[in-house]
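> Sharing a model prediction with you, sequence too.
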Amino acid sequence: MALCRSFARLLCKQADAGLQLTKQAHSVALVGAPLSRGQKRRGVDHGPATLRAAGLVERLAGLGCQVYDFGDLNFTQVPNDELYNNLVLYPRSVGLASQVLADTVSRAVAAGHSCVTIGGDHSLALGSVSGHARQCPHVGVIWVDAHADINTPLTTQSGSLHGQPLSFLLRELQDKVPQLPGFSWLKPCLSASDIVYIGLRDVDPAEYYILKNYDIQYFSMRDIDRLGIQKVMERTFEQLMGRRQRPIHLSFDIDAFDPSLAPATGTPVLGGLTYREGMYIAEEIHNTGMLSAVDMVEVNPLLGASQEEVNATASLAVDVIATCFGQTREGAHTAFDELPTPSSPDESDSEEQVRI
Ligand SMILES: [Mn+2]
């Protein structure tokens, strides 16, 4: 374990020194996190099974990744998990599951893998980001989402923890965030300048206050309309890696996409990312060579109106992950040495004659 950790430190140091993590990117740990208590709808705990059934492992293997499947974690529900402050739902269950996930992600990164966590609702980022940061303290987070997920337990309107993970992770917010039962293990590991949002279009008043007052970089759908996705990605990397290279954590909520593309999700909002914008984001992140962990969250197979809607949502999620690990729209980059040539003219003549 100590050896693994020093290996991870080495990789993080490499990253800090501006060396690309390309080699690491070919070894992928896959972690299923069927966490659903961060929100109220049934079914999001079937997300990992749905993404596996959509061929995730095969797609990664087909790209030349060595996939180490950690399986789906077993999250026990904590009994008598009463509301915090008469409002916040299942704090002990979400806290414990996130703690288990943090240990797993930390282990995977320490072993030198890039870690893909498939959810599950977005509260799982409490665990995945914490575990990642335990090995790579300088991690930068790209949060692709329709929502900002940065309410505090005191500003949340829904009470759902999937709308709050970033408030727990941010150092600057710690005097605004109460200690929840089940969260004592969690230490804030990000600064406001370590996060960039892409795709926002449904932000609560308190969240907007936080984004503005703590100077958090975000690109809303309006910004994407204004700047174009290419400029948005350029500025994202300028913010996160302008001064030095660092490992990247991509936390991708499928509801960032337009609901016409990703209907099987809990909180869809009109006017989201196009397929091409989504793939461009993933391509550019892959091209940095610094991708170290990915979350893919909020795919809920019970919320599709038909099997086709569920399949479309799942295969979109798989496309994003595959693109993060090298799938391109310009064709595979595996070696192709020689085009086949037709057999000699004489032969084709004689074949022709035979046919006549
Ligand atoms: Mn989210």
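Happy to help now that I have it. Just so it is clear, the structure is predicted and the values come from calculations on it, not from any experiment.

> Quick check: phi and psi on the residue of the stretch 151-300 of the chain at minimum distance from the ion?
In the stretch 151-300 of the chain, the residue found nearest to the ion is D253; the distance is 3.5 Å by CB to the ion. Where you see a C-beta, it was placed from the backbone N, CA and C, and this is true even at glycine. Main-chain dihedrals, D253, degrees, to the nearest 10: phi -90, psi 120.

> Check what pLDDT it gets.
Looking at D253, its pLDDT reads 98.

> That one reaches S123, doesn't it?
No: because the distance of 11.3 Å does not satisfy CB atoms under 8 Å, D253 is recorded as not touching S123.

> Would you mind telling me which of those two has more residues around it?
Higher neighbour count among D253 and S123: S123, with 31 against 27, using other CB atoms under 10 Å.

> Tell me the residues on the stretch 1-150 of the chain that lie near the ion, please.
122, 145, 149 (CB under 5 Å from the ion).

> Could you list the single helix or strand in this structure with the lowest mean pLDDT?
Taking mean pLDDT, DSSP states H and E as the measure, the helices and strands of the chain show their lowest mean at helix 22-25, namely a mean of 45.

> what pairs with whichever helix or strand comes after that one, and is each one parallel or antiparallel?
Sequence order places strand 27-33 as the next helix or strand after helix 22-25, per DSSP states H and E. Here the strand partners of strand 27-33, with direction, are listed using DSSP bridges: strand 66-72 (parallel), strand 114-119 (parallel).

> List the contacts of the longest one.
Contact partners of strand 66-72, identified using CB atoms under 8 Å, 6 or more residues apart in numbering, comprise 26-34, 48-49, 57, 60-61, 104, 108, 111, 113.

> Buried ones in it, by neighbour count?
Using 16 or more other CB atoms under 10 Å as the test for burial, strand 66-72 gives 67, 70, 72.

> before we move on, what about stretch 308-325?
Taking 16+ other CB under 10 Å as the neighbour-count basis, stretch 308-325 is seen to contain the buried residues 309-325.

> before we move on, what SS does A61 have?
Using DSSP: H, G, I helix; E, B strand; the rest coil, the three-state assignment for A61 comes out as helix.

> for it, what are its contacts?
With contact set as CB under 8 Å, 6+ apart, A61 has these partners: V67.

> Show residues contacting the helix or strand containing G278.
Here G278 is covered by helix 275-288, with elements defined by DSSP H and E. The contact list for helix 275-288, computed with CB under 8 Å, 6+ apart, reads 20, 25, 142, 144, 198, 224, 229-230, 233, 237, 241, 245, 248, 250, 256-257, 261, 273, 291, 316, 319-321, 323-326, 328-329.

> Out of those, which sit inside helices?
25, 224, 229-230, 233, 237, 241, 316, 319-321, 323-324 (DSSP state H).

> Of those, which pair is most distant in space?
Taking CB to CB as the measure, the ones in helices among the contacts of helix 275-288 reach their widest spread between M241 and L316, a distance of 26.9 Å.

> Distance of A53 relative to E277?
26 Å (CB to CB, to the nearest Å).

> Between the two, tell me which one has more neighbours.
Set side by side, A53 and E277 give different neighbour counts by other CB under 10 Å, the larger being at E277 (22 against 14).

> Look up phi and psi at N213.
When read as degrees, to the nearest 10, the backbone of N213 gives phi -80, psi -20.

> Could you count how many residues lie near it?
Other residues near N213 number 10, with proximity taken as other CB under 10 Å.

> so who does it touch?
For N213, the contact set (CB under 8 Å, 6+ apart) is empty.

> roughly how far apart are it and L170?
Plainly put, N213 is 12 Å away from L170 if you go by CB to CB.

> Flag every buried residue along stretch 183-190.
Using 16+ other CB under 10 Å as the burial criterion, the residues of stretch 183-190 that qualify are 183, 186, 188-190.

> need the strands for the stretch 251-356 of the chain, in chain order.
For the stretch 251-356 of the chain, the strands identified by DSSP state E, counting those that start in this stretch occupy 291-297, in order along the chain.

> List, one by one, the residues from it near the ion.
With the criterion set to CB under 5 Å from the ion, the stretch 251-356 of the chain comes near the ion through D253.

> Provide a list of residue ranges in the stretch 251-356 of the chain with pLDDT below threshold.
By pLDDT under 70, the low-scoring segments of the stretch 251-356 of the chain are 332-335, 345-356.

> and if we set it to 90?
Along the stretch 251-356 of the chain, the parts satisfying pLDDT under 90 run over 330-338, 344-356.

> Now the stretch 101-250 of the chain against the ion: closest residue?
Of all residues in the stretch 101-250 of the chain, H122 sits closest to the ion, with a separation of 3.6 Å (CB to the ion).

> List the contacts of that residue.
Neighbours of H122 in contact, by CB under 8 Å, 6+ apart: 38, 145, 149, 162-163, 165, 251, 253, 295, 297-298.
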